[in-house]
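K.L.:
no letters, just coordinates:
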């Protein structure tokens, strides 16, 4: 049985599809990092394209799944804080994808050795990072609006309401 804390937009298969749409860009960037790790070797010279991409993807996936596992739970103050902290991981990874894999790659393609293919790849990663950022933003907004509606329907007692 689903908890009443789950927004209707995220119940059942709808929530699973939304989580999958968020996880796909993370897995794409992690796959790119693994391919670059194999291609460039184990050296730390290309850390931003190999180790940071893979370890950031693992942490973003862990944060995403933690966030989704906490949605149906009764949200106390500590669980809300955990949701906040785990929610930052996919956001930061999306910024990493846009900034490093996207914009920095475009910059390298223009200023380093001119490479049209590198610039096209950078545009692709900007799109992937924005997609991740926007989809996760939609989920957090759905949860926030649902919490506000449930708070208005059944306000919690405050310290001033002593009778």
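P.N.:
Everything's here; your move. Please read these numbers as outputs of a predicted model, since none were measured by experiment.

K.L.:
contacts for the helix or strand hosting residue 56 next, please.
P.N.:
Assessed by DSSP states H and E, residue 56 sits inside helix 51-70. Counting by CB atoms under 8 Å, 6 or more residues apart in numbering, helix 51-70 makes contact with 15, 19, 22-23, 26-27, 29-30, 32-34, 36-37, 44, 79, 82-83, 85-90, 92-94, 96, 100-101, 136, 139, all of which sit outside it. Yep, even glycine has a C-beta here, placed from its N, CA and C like the rest.

K.L.:
then stretch 103-110?
P.N.:
48, 115, 116, 117, 118, 119, 121, 122, 123, 125, 126.

K.L.:
now with 6 Å, please.
P.N.:
115, 118, 119, 121, 122 (CB atoms under 6 Å, 6 or more residues apart in numbering).

K.L.:
buried ones in the lengthiest helix in the chain?
P.N.:
The single longest helix within the chain, with elements called by DSSP state H, is helix 116-153. The neighbour-count check on helix 116-153 (16 or more other CB atoms under 10 Å) flags 118-119, 121-122, 125-126, 128-129, 131-133, 135-136, 139, 142-143, 146 as buried.

K.L.:
and the contacts of stretch 103-110, which two are furthest apart?
P.N.:
The largest separation in the contacts of stretch 103-110, counting by CB to CB, is between 115 and 122 at 9.7 Å.
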